[in-house]
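Novice: here are the coordinates; sequence isn't available:
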């Protein structure tokens, strides 16, 4: 998940480049048509939904929510959404609405929630006219319809107004998630909840919680207390720096873990928001923290002692695949994990497992011989299949990183494709369900701009906001039947270089909004112009009023590039509603003392002249984008 596939990244990028380029040209050429058709519909200026719905018909007029509006529902399922709306309106607008339970099969006029099992899973129908609002769907569908309604409500003249429209909506993928690693660095429960809240706001439904790592074991297991008393703490942490001579360790103890009560609290919080928390217990590799606690689980007769990892990287000491006590230990651990997490999936890792110790271990070699295995790769397959059998016996399914394909895989295992897009294609062609999480497009621990201007991150990865938005998780190379095995998409957040939750937020937002749209919205309904220039600025303006950290995009209309010509007119737009753009030509970083953008910038060059435009966005809260440097030349 965190290593070496630079060449593969470039291959995956060029595979999608032509399609993305043609799509962009197509959008530009038809922009005038879009303005005079879809964007000229009534109420268009009032609708800025992310993710964009599958089908939307805008109408004239609006519905006014006031103290006389009644919220009604049809049954206990729809009552949950009704209560959530009532609480939301009071918390955010100070408006208290009355509730009406079903009476004689009739619903009170106002806002109605209708439980409907006839609709497809997670789908909903939202209808708004002058007389009221109606949301119908299954439990999850009504919840997602409610999230859409939240985005539509606006306060105007001491009234709440909702534009008239009809939306029929359904997600493109069943699995829509992020992976949050807490092995390298751990974050408070309050922060985990804030992430889950944001996932729910944007109709994401999976929080993949990476709980064990070489660098720390983060989940309380009552049968094995040393996993947390020993394995949750390391003696020192690596200090990373782009200058090698400034690398080193801080020589300070670090660690922590989540109690089972805290985990129950998080799982319940997520369930209320239709987010499934999938735990990951790494095996057979990335297990050094567990071996520090219980060294007998490693290869050899008298292994250890081991220390919880203090440097980033991959370590050769892993669970012994030849000892029976290894499997007994893992089955006991997983039994406690499954009692805490009701998720249909249990993530078992399976990635980056060195085979060096297995090659020289008499127990592993005996296992290979006794089971007629060809090599250590088939031994890992044996390991994974045996764990899968245990998980299946408890009514659950395993999901693992794409290395679990090596040596053969049981048919009902789900693969998380991370190393490249080809691994996902391979798994789908073999009949496995696949969650696409390629580092080439959706690894959120990768930088988003010029490395020297961004917080320190993985040394070779780059996934900008437009790059994330442009990704299509379903490879075109697959047949229609094979495409049905692509069940979703997930962004990974590895935290070697994220020692504060504020940096996690910076790396997550606003890329989460782009991820939500590629996960939910039908491919043909995606619109990059609408997303970047109209909808996202509204959403970032809302986020700007909170205490969340996010990466402020640069001015729309310029980029870090060079233009050739003699006469330029630059029309810029702010990426955050209410923000300002400042610019200069003096070569220094732009700041508040410079020109403020108010009209198109004219640049005239004689032969042989050049100009350097520096520009920056400053939001109403004072947050800043990095500087954008645009060069203009008339050679």
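Specialist: Received it, and whenever you're ready, just let me know what you need. All values reported here derive from a predicted model rather than from experimental measurement.
Novice: quick one: low-confidence ranges for the protein?
Specialist: 1-41, 103-108 (pLDDT under 70).
Novice: one more time with 90, if that's ok
Specialist: 1-46, 67, 100-109, 117-119, 156-159, 240-245, 247, 406-412, 458-461 (pLDDT under 90).
Novice: where do the helices sit along the stretch 1-150 of the chain?
Specialist: 6-29, 31-36, 76-93, 139-152 (DSSP state H, counting those that start in this stretch).
Novice: Look up the closest residue to residue 185, ignoring the ones flanking it.
Specialist: residue 495 (4.5 Å; C-beta to C-beta, 6 or more residues apart in numbering). (Each C-beta comes from the backbone N, C-alpha and C, glycine too.)
Novice: Which positions in stretch 63-73 come out as buried?
Specialist: 63, 65, 69, 71, 72, 73 (16 or more other C-beta atoms under 10 Å).
Novice: Contacts only, for the residue nearest the centre of the chain.
Specialist: Central residue of the chain (C-alpha atoms, centre = their mean): residue 178, 3.5 Å from the mean position. Shown in contact with residue 178 (C-beta atoms under 8 Å, 6 or more residues apart in numbering): 195, 199, 204, 206-208, 444, 490-493, 508, 512, 515.
Novice: host element of the nearest residue to residue 280 once chain neighbours are set aside?
Specialist: In this structure, residue 280 finds its nearest non-sequential neighbour in residue 347, 3.7 Å apart by C-beta to C-beta, 6+ apart. Residue 347 belongs to strand 345-349 when assigned by DSSP states H and E.
Novice: Show the subsequent helix or strand relative to that strand.
Specialist: Trace forward from strand 345-349 with DSSP H and E and the next one is helix 356-360.
Novice: Can you tell me the SS state at the nearest residue to residue 152 once chain neighbours are set aside?
Specialist: Of all residues not flanking residue 152 in the chain, residue 162 sits nearest, at 5.1 Å (C-beta to C-beta, 6+ apart). Put simply, residue 162 is strand when judged by DSSP: H, G, I helix; E, B strand; the rest coil.
Novice: which one of the contacts of residue 178 sits closest to residue 420?
Specialist: Residue 420 has its nearest neighbour among the contacts of residue 178 in residue 492, at 13.6 Å by C-beta to C-beta.
Novice: Would you check how far apart the closest one and residue 355 are?
Specialist: As judged by C-beta to C-beta, to the nearest Å, residue 492 and residue 355 stand 24 Å apart.
Novice: Same check on residue 299?
Specialist: 11 Å.
Novice: Likewise for residue 349?
Specialist: 15 Å.
Novice: Look at those two and report which has more neighbours.
Specialist: The neighbour count for residue 349 versus residue 355, taken as other C-beta atoms under 10 Å, is higher for residue 349 (26 against 19).
Novice: OK, contacts around that one?
Specialist: If you count contacts by C-beta under 8 Å, 6+ apart, then residue 349 has 212, 280, 281, 282, 283, 285, 286, 400, 401 around it.
Novice: Assign the residue lying closest to it once chain neighbours are set aside to helix, strand or coil.
Specialist: Take residue 349 and drop its neighbours on the chain: the residue closest to it by C-beta to C-beta, 6+ apart is residue 282, 3.6 Å away. Using three-state DSSP, the secondary structure recorded for residue 282 is strand.
Novice: I'd say residue 282 and residue 216 touch.
Specialist: No - taking contacts as C-beta atoms under 8 Å, residue 282 lies outside contact range of residue 216: 11.1 Å.
Novice: okay, and the common contacts of those two?
Specialist: Each of residue 183 lies in contact with both residue 282 and residue 216 under the rule C-beta under 8 Å, 6+ apart.
Novice: sorry, back to before: can you flag which of the contacts of residue 178 belong to strands?
Specialist: Per DSSP state E, strands hold the following members of those: 206, 207, 208, 490, 491, 492, 493.
Novice: Next, format the residues you listed as TSV and append neighbour count.
Specialist: Shown next, in TSV, are these (neighbours: other C-beta atoms under 10 Å):
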residue	neighbour count
206	24
207	24
208	26
490	25
491	28
492	24
493	20
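Novice: circling back to that earlier point, ok, the residue nearest to residue 152 - how many residues close by?
Specialist: Counted by other C-beta under 10 Å, the residues lying close to residue 162 total 20.
Novice: So it is in contact with residue 59, correct?
Specialist: No - look at residue 162 against residue 59 with C-beta under 8 Å: they stay out of range, at 11.6 Å.
Novice: Once you drop chain neighbours, what's closest to residue 616?
Specialist: Per C-beta to C-beta, 6+ apart, closest to residue 616 is residue 590, 4.2 Å.
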